[in-house]
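J.: how would this look folded up:
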Amino acid sequence: RVGACLGQVVFSSQVTRLGTTALAAHSLALTAEQAFYIPGYGMQAAAATLCGNALGARDGKRLRDVARTSVLLAVGVMAVTGSILFLFPGFMMSLFTPDEQVIELGQSVLRIVAVSEPIFGASIILEGVFDGIGDTRTPLVISIATMWGVRILATYICVNWLHLGLTAVWCCMVADNVARGALLFGADDYLLKPFRDQELTHAVARVCRKMESAPAANPTAVKKEPEATGYVRQAMDYIAGHYADENISIATIAEHLCVSEGHLSHVFKKQTGMTVTNYLTKTRIDAAMALLQTGRVKVYEAAAAVGY
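T.: Numbers count the residues shown, from 1 in each chain. Coordinates of the predicted model:
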């Protein structure tokens, strides 16, 4: 927070170089904008609590659903508030000052930031999700990086080198918000070993959709028992092609083969010396090991790819 607050001070100091009118328009526009993103911070608190509860219950599906729903809700609400801000910026500025120059400049920058409100809303919720699962490091690093690397650096260049005005400064601020949201959406790349259980759980939730559409690990890496025949061979082939499905079970395998679970369990154990569940676990472990040996995936990615 010290780094972020210091960044705001440095950012404001750059605005003062533009003159008193620009500084007045900047300060009042920030005040006017606050009324339109306050709902996002209210939803952030709710998202943090709900995600924390889902993590405590070790319910990955509920965690994903809560995070997804919260982001969509925030984007929708702030799209509406952003539209209002875009349509009536002059009215909002007139509530704080009668100065026509300040109002004119203020409404220009408010229209710029209004377009980015939905993205800002998504980033607010994602910060809450990270807070809820106990990972405060990732949003902190991203916030400081975008504040200093995007907003302040770009503002310094625009003000001191290019001699641009307040409109360019607010474009830099919007770029900061957009970059922060984009990095938070891809923040699973920030998990490094050693990691905590809650970091791993959240990372799996975030890459789940990508892994569902990704091809399964090479089935040739899975060892098959050559002596297996009949239903057992078919069951092993089915497992080799579907082990990445987290819902696979002896029930789904038996249903696919049109045999009873009891019969399949009996013949499978007789021919292979292990249960269907144990064979599925072995298959997944073998596939995960094959993925890890490539050196191109992380542990949690390999776990998600094989159905965990």
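
J.: do a quick rundown of the helices in the stretch 51-200 of the chain.
T.: Ranges of helices within the stretch 51-200 of the chain are 60-87, 89-94, 100-115, 117-132, 137-146, 153-156, 166-185, 197-213, based on DSSP state H, counting those that start in this stretch.

J.: for A304, which of these is the nearest?
T.: Go through those one by one with C-beta to C-beta and the one that ends up closest to A304 is helix 197-213, at 4.4 Å. In this view, the C-beta of every residue, glycine as well, is placed from N, C-alpha and C.

J.: returning to what we had before: point out the most buried one among the helices of the stretch 51-200 of the chain.
T.: Stretch with highest mean neighbour count among the helices of the stretch 51-200 of the chain: helix 117-132 (a mean of 25; mean count of other C-beta atoms under 10 Å).

J.: pull the CA atoms of that one into CSV?
T.: What follows is the C-alpha trace of helix 117-132 in CSV, where atoms were taken according to Å, rounded to 0.1, in the frame of the first residue of the first chain:
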residue,chain,number,x,y,z
GLU,A,117,-15.1,1.1,-16.1
PRO,A,118,-16.1,-2.5,-16.9
ILE,A,119,-12.5,-3.6,-17.0
PHE,A,120,-11.8,-1.7,-13.8
GLY,A,121,-14.7,-3.5,-12.2
ALA,A,122,-13.3,-6.9,-13.2
SER,A,123,-9.9,-6.1,-11.8
ILE,A,124,-11.5,-4.9,-8.5
ILE,A,125,-13.3,-8.2,-8.2
LEU,A,126,-10.2,-10.3,-9.1
GLU,A,127,-8.3,-8.5,-6.4
GLY,A,128,-11.0,-9.5,-3.9
VAL,A,129,-10.8,-13.1,-5.1
PHE,A,130,-7.1,-13.2,-4.5
ASP,A,131,-7.6,-11.6,-1.0
GLY,A,132,-10.3,-14.1,-0.2
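
J.: got the contact list for that helix?
T.: With C-beta atoms under 8 Å, 6 or more residues apart in numbering as the test, helix 117-132 has contacts from 36-37, 40-41, 43-52, 55, 67, 70-71, 74-79, 81-82, 85, 136, 138-139, 143, 177-178, 180-181, 184-185, 187, 202.

J.: looking at this structure, which helix or strand is least sure?
T.: Using mean pLDDT, DSSP states H and E, the weakest-scoring helix or strand in the chain turns out to be helix 197-213, at a mean of 54.

J.: tell me the first helix or strand C-terminal of it.
T.: Toward the C-terminal end, the helix or strand that comes next after helix 197-213 (DSSP states H and E) is helix 230-242.
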